[in-house]
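# With the sequence up front, the predicted model follows.
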Amino acid sequence: MAIGQTRPEEAYELLQQGYRYIDVRTEPEFTNGHPATAVNIPVVVPDPMTGQMVVNADFLAVVATHFDKAAKLILGCQSGMRSQRAAALLAQAGYTDVLNMQGGFGGARDPSGRSIVSGWAECGLPVCQDCEADSSYAGLRAAVK
């Protein structure tokens, strides 16, 4: 199944129409700034033994606890790569309305550092640095049964 794509300005409009934003970056990245209505569910986490980034074994369970498979979801990360992977995982799990936000929070860059797609923050869209319990990964993970 092909994953739908959106960009920050369009994603902002979709959020006003009932979509929910899942930020799949790490907890420290999320805490440093995120779209104002986002919830944090990292798709990759550091392996406690090696420190290497690995797929978060709880990703699907945490999403399933908080969102039904018909939920309208926008997934974003720092540049749009991790969120593309996360969107594919959700689509494979039966989620039917999942969009990847190209450019993510910080923007996508080419190898020389030039901006390819502006990110959420670069577009001047609402940013929050307060991590409420109901939007933090720790709070969301605690609700998993």
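Here it is on my side, so go on.
# Can you list the buried residues in stretch 62-75?
62-64, 67, 71-75 (16 or more other Cβ atoms under 10 Å). Any C-beta I mention is one placed from the backbone N, CA and C, and that applies to glycine too.
# mind putting these in JSON lines, pLDDT and distance to Thr50 included?
Below are those laid out as JSON lines (pLDDT from 0 to 100; distance: Cβ to Cβ, whole Å):
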{"residue": "Val62", "pLDDT": "97", "distance to Thr50": "23"}
{"residue": "Val63", "pLDDT": "98", "distance to Thr50": "25"}
{"residue": "Ala64", "pLDDT": "97", "distance to Thr50": "27"}
{"residue": "Phe67", "pLDDT": "97", "distance to Thr50": "30"}
{"residue": "Ala71", "pLDDT": "98", "distance to Thr50": "34"}
{"residue": "Lys72", "pLDDT": "98", "distance to Thr50": "36"}
{"residue": "Leu73", "pLDDT": "98", "distance to Thr50": "30"}
{"residue": "Ile74", "pLDDT": "98", "distance to Thr50": "31"}
{"residue": "Leu75", "pLDDT": "98", "distance to Thr50": "26"}
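# which one of these is nearest Cys128?
Using Cβ to Cβ, Ile74 comes nearest to Cys128 of these, at 15.7 Å.
# Surely the closest one is within a strand?
Yes - counting by DSSP: H, G, I helix; E, B strand; the rest coil, Ile74 is located in a strand.
# check contacts around it.
Taking Cβ atoms under 8 Å, 6 or more residues apart in numbering, we find Ile74 in contact with 6, 11, 14-15, 19-22, 99-101.
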